[in-house]
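1. coords please:
(4 chains)
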Number of protein chains: 2
Amino acid sequence: MGASKTEHFTDKQNAIAIMAKALGHPARVAIIEYLLKTDSCICGDIVNELPLAQPTVSQHLKELKNVGLIKGSIDGNAICYCVDEKALTVLQKFFTHVTTKMGKKKNNCC
Amino acid sequence: MGASKTEHFTDKQNAIAIMAKALGHPARVAIIEYLLKTDSCICGDIVNELPLAQPTVSQHLKELKNVGLIKGSIDGNAICYCVDEKALTVLQKFFTHVTTKMGKKKNNCC
DNA sequence: AAACTATATCGCAATATTGCAATATACTAA
DNA sequence: TTAGTATATTGCAATATTGCGATATAGTTT
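-> Numbers count the residues shown, from 1 in each chain, chains lettered A, B, ... in the order given. Predicted structure coming up:
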């Protein structure tokens, strides 16, 4: 087929997967890191920062926004993008939970 | 084109992206969760747990293994898969770092 | 209004992913 | 060795992603 069988998994598994997938491209990781590193959040600055053409960056921003990892607000002629704390906290909690569970496990057979 | 321009990004950004991408499918999130939840790590049990055919599960396991999120060891006729602490810790640290940085930021314009 | 700036969308080609039936491999048991 | 069990690989169709030129949209400035 080619499409993920999302209906067979839990909402939480799908939510984690959707956000992880959005971060599954280095440009989108770079966007998140840029937004945290700098005080700027202007779309144009992000375009200048990344080694990709403007339409490509715009599309990456759209994907991050679609899954809720960033949000945008109009600032005059420009558009300002910021990371969304809630979404990233969900991922942080998931991985902290995972690593905590790992620490408690004894029978690692591999 | 259709291929990611990975050469333009840092090694760390690519590493995070590759692992995030591997978790960008609910079946692979489910596999990690299953390995943490149960004491079993037998491939056949994972196949039974997931709503996907055996070759499909085998491929998902291969992808998780390729990026180092799990590792496998032969156990007689079966194969035992375990989560790889190091890889998951890299992700946990990344997201903890991100959320920590978020907390310190004041000028959230969105 | 016209010209300019910033961002988004369209349309397309190249490539990657998903899923599975069929088959292959490899180990186990008789 | 033969039969059975467990896992991997192959090959294919359907779909999704990536990247960007061309273009559209929307705000700003003059």
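2. isn't A:A78 right up against A:C43?
-> Yes. With contacts counted by C-beta atoms under 8 Å, A:A78 reaches A:C43, the gap being 6.2 Å. C-beta here means a position set from N, CA and C on the backbone, and glycine is covered the same way.
3. neighbour count winner among those two?
-> A:C43 (18 against 12; other C-beta atoms under 10 Å in any protein chain shown).
4. Where do the strands of chain A begin and end?
-> A:70-75, A:78-83 (DSSP state E).
5. Now distance to B:K65 and mean pLDDT too, for those, in JSON lines please.
-> Formatted as JSON lines, these follow (distance: least, C-beta to C-beta, whole Å; pLDDT from 0 to 100):
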{"stretch": "strand A:70-75", "distance to B:K65": "31", "mean pLDDT": "94"}
{"stretch": "strand A:78-83", "distance to B:K65": "31", "mean pLDDT": "96"}
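6. so which of these comes closest to B:P26?
-> B:P26 lies closest to strand A:70-75 among the strands of chain A, at 22.1 Å (C-beta to C-beta).
7. how about that closest one against chain B, any contact?
-> Yes. Strand A:70-75 reaches chain B (C-beta under 8 Å from any C-beta of the partner chain) through A:K71, A:G72, A:S73, A:D75.
8. Could you work out the most separated pair of those residues?
-> A:K71 and A:D75 (12.7 Å).
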